[in-house]
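Novice: sequence first, predicted model second:
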Amino acid sequence: MADSKAPSSHDSQDSHGHGLAHTTPVWLLVGILLALLFLTVVTVGVTALDFGADGNLIIAMVIATIKAGLVVTFFMHLAWDKRFNALAFAAGVLFLILFLAMVVADRGEYKPYVDRYGEKYPFKLK
(Lines give C-alpha, C1' and ligand atoms only; values in the text may rest on other atoms or scores of the structure.)
Protein backbone atom coordinates (compact mmCIF):
# COMPACT_ATOMS: atom_id res chain seq x y z
CA MET A 1 0.00 0.00 0.00
CA ALA A 2 1.26 3.48 -0.86
CA ASP A 3 2.30 5.99 1.76
CA SER A 4 -0.71 7.98 2.91
CA LYS A 5 1.28 11.19 3.17
CA ALA A 6 1.52 12.75 -0.28
CA PRO A 7 4.42 15.10 -0.79
CA SER A 8 3.30 18.69 -0.81
CA SER A 9 4.87 21.63 -2.51
CA HIS A 10 5.67 23.12 0.90
CA ASP A 11 7.97 20.27 1.91
CA SER A 12 10.65 21.31 -0.55
CA GLN A 13 10.57 24.90 0.65
CA ASP A 14 10.94 23.95 4.31
CA SER A 15 14.32 22.35 3.69
CA HIS A 16 15.79 25.69 2.62
CA GLY A 17 15.21 27.30 6.01
CA HIS A 18 12.93 30.01 4.72
CA GLY A 19 10.45 30.77 7.45
CA LEU A 20 8.20 33.66 8.13
CA ALA A 21 9.53 37.18 7.92
CA HIS A 22 11.69 38.35 10.79
CA THR A 23 9.63 40.09 13.45
CA THR A 24 11.34 43.13 14.88
CA PRO A 25 10.70 44.02 18.53
CA VAL A 26 8.65 47.16 19.08
CA TRP A 27 11.33 48.71 21.31
CA LEU A 28 13.82 48.50 18.44
CA LEU A 29 11.39 50.07 15.98
CA VAL A 30 10.65 52.90 18.41
CA GLY A 31 14.39 53.43 18.95
CA ILE A 32 14.99 53.65 15.19
CA LEU A 33 12.05 56.05 14.86
CA LEU A 34 13.51 58.28 17.56
CA ALA A 35 16.94 58.17 15.89
CA LEU A 36 15.39 59.14 12.53
CA LEU A 37 13.45 61.99 14.13
CA PHE A 38 16.59 63.20 15.92
CA LEU A 39 18.59 63.13 12.68
CA THR A 40 15.80 65.06 10.96
CA VAL A 41 16.00 67.74 13.66
CA VAL A 42 19.80 67.81 13.25
CA THR A 43 19.38 68.22 9.48
CA VAL A 44 17.07 71.19 9.98
CA GLY A 45 19.36 72.66 12.65
CA VAL A 46 22.45 72.40 10.44
CA THR A 47 20.76 74.51 7.76
CA ALA A 48 21.00 77.49 10.12
CA LEU A 49 24.80 77.17 10.14
CA ASP A 50 26.97 78.18 7.22
CA PHE A 51 29.70 75.69 6.36
CA GLY A 52 29.98 76.88 2.78
CA ALA A 53 28.16 75.36 -0.17
CA ASP A 54 30.29 72.21 -0.25
CA GLY A 55 30.30 71.81 3.54
CA ASN A 56 26.53 72.02 3.84
CA LEU A 57 26.12 69.54 0.99
CA ILE A 58 28.54 67.07 2.57
CA ILE A 59 26.87 67.31 5.99
CA ALA A 60 23.42 66.87 4.49
CA MET A 61 24.53 63.84 2.47
CA VAL A 62 26.22 62.21 5.48
CA ILE A 63 23.07 62.61 7.59
CA ALA A 64 20.89 61.34 4.73
CA THR A 65 23.18 58.32 4.27
CA ILE A 66 22.97 57.47 7.97
CA LYS A 67 19.17 57.73 7.85
CA ALA A 68 19.00 55.58 4.72
CA GLY A 69 21.26 53.03 6.38
CA LEU A 70 18.98 52.82 9.40
CA VAL A 71 15.90 52.38 7.22
CA VAL A 72 17.52 49.72 5.04
CA THR A 73 19.07 47.88 7.98
CA PHE A 74 16.06 47.64 10.25
CA PHE A 75 12.84 48.50 8.40
CA MET A 76 13.86 46.53 5.31
CA HIS A 77 15.42 43.77 7.47
CA LEU A 78 18.89 43.89 5.90
CA ALA A 79 20.42 43.14 9.31
CA TRP A 80 18.80 39.69 9.26
CA ASP A 81 19.25 38.98 5.55
CA LYS A 82 22.09 37.28 3.74
CA ARG A 83 25.46 39.07 3.96
CA PHE A 84 25.68 39.32 0.18
CA ASN A 85 22.74 41.76 0.22
CA ALA A 86 24.55 43.91 2.79
CA LEU A 87 27.64 43.82 0.58
CA ALA A 88 25.57 44.90 -2.43
CA PHE A 89 24.09 47.78 -0.42
CA ALA A 90 27.53 48.88 0.81
CA ALA A 91 28.90 48.76 -2.74
CA GLY A 92 25.99 50.93 -3.90
CA VAL A 93 26.68 53.48 -1.16
CA LEU A 94 30.37 53.57 -2.04
CA PHE A 95 29.59 54.17 -5.72
CA LEU A 96 27.15 56.93 -4.71
CA ILE A 97 29.88 58.59 -2.62
CA LEU A 98 32.30 58.31 -5.53
CA PHE A 99 29.74 59.80 -7.93
CA LEU A 100 28.90 62.70 -5.61
CA ALA A 101 32.60 63.40 -5.02
CA MET A 102 33.13 63.69 -8.77
CA VAL A 103 30.11 66.00 -9.09
CA VAL A 104 31.36 68.27 -6.30
CA ALA A 105 34.87 68.33 -7.81
CA ASP A 106 33.47 69.13 -11.24
CA ARG A 107 31.26 71.87 -9.81
CA GLY A 108 34.29 73.55 -8.25
CA GLU A 109 36.21 73.31 -11.53
CA TYR A 110 33.64 75.21 -13.60
CA LYS A 111 32.29 77.63 -10.97
CA PRO A 112 34.48 80.62 -12.04
CA TYR A 113 33.22 80.32 -15.63
CA VAL A 114 29.61 80.08 -14.51
CA ASP A 115 30.02 83.13 -12.25
CA ARG A 116 31.54 85.21 -15.07
CA TYR A 117 28.74 84.18 -17.42
CA GLY A 118 26.17 85.14 -14.77
CA GLU A 119 27.73 88.57 -14.37
CA LYS A 120 27.82 89.15 -18.12
CA TYR A 121 24.29 87.83 -18.78
CA PRO A 122 22.23 88.26 -15.62
CA PHE A 123 19.02 86.26 -15.37
CA LYS A 124 15.94 88.43 -15.12
CA LEU A 125 12.41 87.35 -14.36
CA LYS A 126 9.71 88.78 -16.59
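Specialist: In hand now; what should we look at?
Novice: phi, psi for residue 76 please.
Specialist: Geometry field for residue 76 lists phi and psi as phi -100, psi 10, criterion degrees, to the nearest 10.
Novice: which residues touch it?
Specialist: Taking C-beta atoms under 8 Å, 6 or more residues apart in numbering, we find residue 76 in contact with no residue. Any C-beta I mention is one placed from the backbone N, CA and C, and that applies to glycine too.
Novice: got a pLDDT number for it?
Specialist: At residue 76, the model reports a pLDDT of 83.
Novice: look up how far residue 24 lies from it.
Specialist: For residue 76, the distance to residue 24 (C-beta to C-beta, to the nearest Å) stands at 11 Å.
Novice: now do the SS call for residue 102.
Specialist: With DSSP: H, G, I helix; E, B strand; the rest coil as the basis, residue 102 sits in helix.
Novice: so which residue is smack in the middle of this protein?
Specialist: For the chain, the residue nearest the mean C-alpha position is residue 68 (2.9 Å; C-alpha atoms, centre = their mean).
Novice: could you measure from that residue over to residue 104?
Specialist: 19 Å.
Novice: after the lowest-mean-pLDDT helix or strand in the chain, next one along is what?
Specialist: When the helices and strands of the chain are scored by mean pLDDT, DSSP states H and E, helix 9-14 comes last with a mean of 46. Moving toward the C-terminus from helix 9-14, the next helix or strand (DSSP states H and E) is helix 26-46.
Novice: what is that following helix packed up against?
Specialist: Using 3 or more C-beta pairs under 8 Å, 6 or more residues apart in numbering; DSSP states H and E, the elements in contact with helix 26-46 are helix 52-70.
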